[in-house]
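**Q** Fold the following, please.
(one chain, ligands or ions: 2)
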Amino acid sequence: MSPLFPSLYAAEPREAIRFGDLSLTHAELAGAAGSLARRIAGAGRVAVWATPTPQTVIGVVAALVAGVPVVPLNPKTGERELTHIVGDSEPTLVLASPGDQLPSAVATLTRIDVPLTGVATALPPEPADESAALIVYTSGTTGPPKGAVLPRRALAATLDALQGAWGWTADDVLVHGLPLFHVHGLILGILGPLRRGGSVRHLGRFSVQGVTRELSAGATMLFGVPTMYHRIAESVGGDGELTKALAGARLLVSGSAALPAPDHRRIAEATGRAVIERYGMTETLMLCAARSDGGARPGTVGLPLPGVELRLADEADGIGEIQVRGPNLFSGYLNRPDATAAAFTEDGWFRTGDMASRDADGQVRIVGRKATDLIKSGGYKIGAGEIENALLDHPGVREAAVTGEPDADLGERIVAWVVPTDPQSPPEEAELTNHVATQLAPHKRPRVVHYLPELPRNDMGKIMKRALHV
Ligand code: MCA
Ligand code: AMP
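**A** Ligands and ions are numbered 1, 2, ... in the order given. Coordinates of the predicted model:
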């Protein structure tokens with residue numbers, strides 16, 4: 001098999017990753033990851049406590065080199081969700097940084113503290129293309145998140161397709177502040193530069209100042225979700241240093257949700273640079289991308305990437321559901337053959353649930369989603385059902401419904417509609433918000449809670465979510 005990361009095998013002495021003051025070359029990463037790979041070889045699956053640190057990168061790369069599937073864990077995940085993910089994926093080990101405090105749901109696993117250094121010896125041969133590389137948990141409309149099993153060939157296919165679209169080379173230096181437990185930050189943002197033999201500087205946490213600093217100091221590409229570009233757009237007019245830094249970048253890429261045209265315009269007007277969009281999903285990795293050599297229009301996500309077959313199903317007025325096939329697709333949901341079967345059409349196309357049209361030149365324009373019960377907030381996909389279930393677990397809540405409302409910063413904000421058990425003393429808003437944050441994850445917490453005497457229901461007793469708005 002050809003290696004996922006050729007420059008590790010070549011032990012290149014150039015910088016590969018940088019987190020603050022800590023940086024590792026490809027050779028150093030090969031040493032640290034190679035040593036760890038030998039320790040974990042043969043493990044069933046490994047969980048990685050995916051803090052934004054070099055240890056996370058070493059842990060993930062070690063597991064990929066050893067052929068051990070990785071389950072990246074959001075360190076802020078609450079008890080209920082973490083228990084589900086660990087119970088479902090059954091890792092035998094957890095890789096963490098020294099000093100990380102692990103909650104009880106993972107504390108029972110054998111823990112390895114990831115060392116930053118290791119002795120470089122020959123790396124093991126890579127496993128078969130079809131073997132599982134990563135299991136990434138992603139929300140559906142109802143129920144707890146499902147583990148999307150991503151084979152190595154999907155990673156290689158998607159990263160190589162992006163190389164072609166963006167002219168991505170070993171000379172590129174990527175900067176981002178995305179979390180390392182999702183596709184965008186981990187696969188595109190870390191494994192992408194490593195596959196190219198280039199480098200990535202991670203901000204630890206996103207800030208406009210961090211972006212300015214790194215783009216001014218030689219970074220060539222920026223990846224972010226629309227919320228990050230919105231925050232950049234808010235600053236760009238009055239911040240000469242930021243404007244100059246963005247203008248000097250080779251590529252500004254937005255993804256994970258639609259980039260609003262006003263943010264696109266503000267950045268383009270101030271810097272002369274267009275932010276380009278790419279479109280994908282956890283299950284499919286990248287499907288479309290605007291090219292770096294021009295032709296990007298606000299509101300479009302470019303053409304299907306090489307290797308990706310894309311059709312619009314059940315088209316009406318030029319709008320249909322995006323369905324796809326290609327080597328970039330996942331191999332199924334872990335332990336969920338029912339959900340895997342439901343995700344594909346009878347003739348083998350994956351149903352994305354996204355509705356789109358195509359411009360005259362073929363560029364794809366996403367216009368909405370089939371399911372109103374999926375919310376995209378800050379680029380995170382969140383199911384209304386999982387939040388409703390968490391709220392219903394609170395003794396002060398008799399009934400609950402969750403909706404997404406437009407939000408200039410987050411794209412959509414999570415809104416909870418609650419019928420209290422005791423209308424005379426409803427639970428406080430902060431109490432409910434913290435309940436969801438600690439059971440599921442902070443990014444899944446409602447930003448607004450409305451209290452109602454009852455929820456609007458139709459004759460069948462179904463909650464009429466369309467009637468829930470302020
Ligand atoms: C606030 N916080 C709390 C609470 N309230 N913690 C616990 N309980 C509470 N009640 C904490 C939060 O954890 C956070 O900490 C801090 O306060 C600020 O909260 P928040 O306002 O939620 O965060 P933010 O700064 O507004 O976050 C915006 C963001 C973030 C940085 C844009 O949403 C983000 O990183 N989004 C990226 C999502 C992503 O990668 N999606 C890709 C999915 P702290 O800041 O320390 O965390 S992959 C995908 O979609 C496909 C494949 C694709 O196409 O890419
Ligand atoms: P996730 O399951 O978290 O991987 O989210 C995937 C979803 O994010 C897709 O189905 C789309 O709805 C949305 N998405 C990703 N990129 C874009 C984009 N550039 N424009 C619009 N929506 C996007």
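**Q** do you know how far whatever residue of the stretch 351-470 of the chain ends up closest to ligand 2 is from residue 34?
**A** Residue nearest to ligand 2 within the stretch 351-470 of the chain: residue 381 (3.4 Å; Cβ to the nearest ligand atom). The way it works is simple: take the backbone N, C-alpha and C, and place the C-beta from them, glycine included. The gap separating residue 381 from residue 34 is 34 Å, by Cβ to Cβ, to the nearest Å.
**Q** who in the stretch 251-400 of the chain is up against ligand 2?
**A** Within the stretch 251-400 of the chain, the positions adjacent to ligand 2 are 255-258, 277, 279-282, 301, 352, 354, 366, 369, 376, 381 by Cβ under 6 Å from any ligand atom.
**Q** cutoff 5 Å now
**A** 255, 256, 257, 258, 277, 279, 281, 282, 301, 354, 366, 381 (Cβ under 5 Å from any ligand atom).
**Q** Export the residues you listed to JSON lines and append columns for neighbour count and distance to residue 120.
**A** Supplementary listing: those in JSON lines, determined by neighbours: other Cβ atoms under 10 Å; distance: Cβ to Cβ, whole Å:
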{"residue": "255", "neighbour count": "24", "distance to residue 120": "34"}
{"residue": "256", "neighbour count": "29", "distance to residue 120": "35"}
{"residue": "257", "neighbour count": "21", "distance to residue 120": "40"}
{"residue": "258", "neighbour count": "19", "distance to residue 120": "44"}
{"residue": "277", "neighbour count": "27", "distance to residue 120": "39"}
{"residue": "279", "neighbour count": "26", "distance to residue 120": "38"}
{"residue": "281", "neighbour count": "22", "distance to residue 120": "36"}
{"residue": "282", "neighbour count": "22", "distance to residue 120": "33"}
{"residue": "301", "neighbour count": "28", "distance to residue 120": "41"}
{"residue": "354", "neighbour count": "21", "distance to residue 120": "44"}
{"residue": "366", "neighbour count": "19", "distance to residue 120": "45"}
{"residue": "381", "neighbour count": "18", "distance to residue 120": "39"}
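**Q** Tell me where the model's unsure across this protein.
**A** In the prediction, the chain carries residues with pLDDT under 70 at positions 1.
**Q** tell me which parts of it are close to ligand 1?
**A** Contacts of the chain with ligand 1, taken as Cβ under 5 Å from any ligand atom, map to 178-179, 182-184, 206, 225, 227, 255-256, 280, 282, 378-380, 434, 437, 442.
**Q** Go through these and flag which are in strands.
**A** If you go by DSSP state E, the residues of the chain next to ligand 1 have 280, 380 in strands.
**Q** show me the contacts for residue 407.
**A** Listed by Cβ atoms under 8 Å, 6 or more residues apart in numbering, the contact set of residue 407 reads 377, 413, 447.
**Q** And for the closest residue to ligand 2 within the stretch 101-250 of the chain, nearest residue in space, chain neighbours not counted?
**A** Nearest residue of the stretch 101-250 of the chain to ligand 2 (Cβ to the nearest ligand atom) works out as residue 138 at 4.6 Å. With Cβ to Cβ, 6 or more residues apart in numbering as the criterion, residue 138 has its nearest non-adjacent residue at 4.1 Å, and that residue is residue 282.
**Q** if I look at that neighbour, how far off is residue 187?
**A** 9 Å.
**Q** Same check on residue 269?
**A** Computed as Cβ to Cβ, the residue 269 to residue 187 distance reads 32 Å.
**Q** Among those two, which residue is more densely surrounded?
**A** Of the pair residue 269 and residue 187, residue 187 is the one with more neighbours under other Cβ atoms under 10 Å, namely 26 against 11.
**Q** Against residue 144, how distant is the one residue in the chain that gets nearest to ligand 1?
**A** Closest residue of the chain to ligand 1, Cβ to the nearest ligand atom: residue 378 (2.4 Å). Between residue 378 and residue 144 the computed distance is 20 Å (Cβ to Cβ).
**Q** again, but for residue 423
**A** Counting by Cβ to Cβ, the gap from residue 423 to residue 144 is 30 Å.
**Q** So which of these two has more stuff around it?
**A** A direct count of neighbours by other Cβ under 10 Å for residue 423 and residue 144 places residue 144 higher, at 19 against 11.
**Q** Which secondary structure element is home to the more buried one?
**A** Counting by DSSP states H and E, residue 144 is held by no secondary-structure element, helix or strand.
**Q** what does stretch 82-97 rub up against?
**A** By Cβ under 8 Å, 6+ apart, the residues outside stretch 82-97 that reach it are 36, 40, 43-49, 51, 53, 55-56, 59, 62-63, 71, 73, 77, 102-103, 105-106, 109-114, 135, 137, 144-145, 147, 334-335.
**Q** From those, which land in helices?
**A** The helices, defined by DSSP state H, take in 36, 40, 55, 56, 59, 62, 63, 105, 106 from the contacts of stretch 82-97.
**Q** Of those, which ones also sit close to ligand 2?
**A** Applying Cβ under 5 Å from any ligand atom to the ones in helices among the contacts of stretch 82-97, one finds that nothing falls near ligand 2.
**Q** Who wins on neighbours among these?
**A** The residue in the ones in helices among the contacts of stretch 82-97 with the most neighbours, by other Cβ under 10 Å, is residue 59 (31 neighbours).
**Q** so that one sits right up against residue 115, yeah?
**A** No - counting by Cβ atoms under 8 Å, residue 115 is not a contact partner of residue 59; they are 10.3 Å apart.
**Q** residues shared between the contacts of the two?
**A** Taking Cβ under 8 Å, 6+ apart as the contact rule, residue 59 and residue 115 both touch residue 36.
**Q** Leaving out chain neighbours, which residue sits closest to residue 426?
**A** Closest to residue 426 by Cβ to Cβ, 6+ apart is residue 420, at 3.6 Å.
**Q** Kindly report the same for residue 276.
**A** residue 290 (4.0 Å).
**Q** returning to what we had before: from the residues of the stretch 251-400 of the chain next to ligand 2, which single one is nearest residue 168?
**A** Nearest to residue 168 among those: residue 255, at 14.3 Å, using Cβ to Cβ.
**Q** on that earlier part again, quick one, what contacts the residue of the chain closest to ligand 1?
**A** Counting by Cβ under 8 Å, 6+ apart, residue 378 has contacts 225, 227, 410, 411, 443.
**Q** quick one: residue 200 from residue 188, how far?
**A** Residue 200 is 10 Å from residue 188, by Cβ to Cβ.
**Q** related to what we said a few turns ago, show me what contacts the residue nearest to residue 426?
**A** 396, 397, 398, 426, 427, 451.
**Q** 10 Å instead, please
**A** Shown in contact with residue 420 (Cβ atoms under 10 Å, 6 or more residues apart in numbering): 394, 396, 397, 398, 399, 400, 426, 427, 432, 451, 452, 453.
**Q** For ChimeraX, what selects the buried ones among the residues you listed?
**A** Provided next is the ChimeraX selection string for whichever of these are buried by 16 or more other Cβ atoms under 10 Å:
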select :394,396,397,398,399,400,426,427,432
